[in-house]
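can you look at this prediction? I've put the sequence above it.
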Amino acid sequence: MIVGVIRLEAGLPGNHSLKGKRRVIKSLMGQVVNRFNVAASEVDRNDAWQRAEIGICAVGNSSAVINSVLDKVLDFIESTGLVDILNTDIEIINMGRGTR
């Protein structure tokens, strides 16, 4: 099993309230989840108006496929123009076969 994780730091420069931030982030995460069949959650900076940290995760059986999906997710987020991508960390983890 291959697990791919993105930790994305996003800026919302035109935002002036937590309510506005949550509306944008919730919409963005919903679009990403629906389009790419991944899991997404706001993982940090919950009380910052103009910053968000989002975790995105994909699971599969090929690291090449997972890496491609995560690259497409980042390209999509950038193309929406809803947020500025300030920093990203991507990790691909090979979980191997467990014994039972």
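Received it, and whenever you're ready, just let me know what you need.

which parts of this protein are helices?
In the chain, the helices defined using DSSP state H lie at 18-36, 63-80.

got the angle between the last one and helix 18-36?
Note on geometry: by axes from the mean of the first three to the mean of the last three C-alpha atoms, to 10 degrees, helix 63-80 and helix 18-36 are set 140 degrees apart in direction.

pLDDT of helix 63-80, averaged?
If you average the pLDDT over helix 63-80, you get 93.

residues contacting that helix, please?
2-4, 6, 8, 10, 28, 31-32, 35-36, 38, 56, 58-60, 83, 85, 88, 90, 92, 94 (C-beta atoms under 8 Å, 6 or more residues apart in numbering). C-betas here are computed from N, CA, C, even on glycine.

again with the longest one
Contacts made with helix 18-36 from outside it, assessed by C-beta under 8 Å, 6+ apart, are listed as 10, 12, 15, 38-42, 47-50, 52, 54, 56, 58, 69, 72-73, 76-77, 80, 82-83.

give me the below-cutoff pLDDT ranges for the protein.
Scanning the chain for pLDDT under 70 picks out the ranges 98-100.

same thing but at 80, please
Where the chain drops to pLDDT under 80, the residues are 15, 45-49, 96-100.
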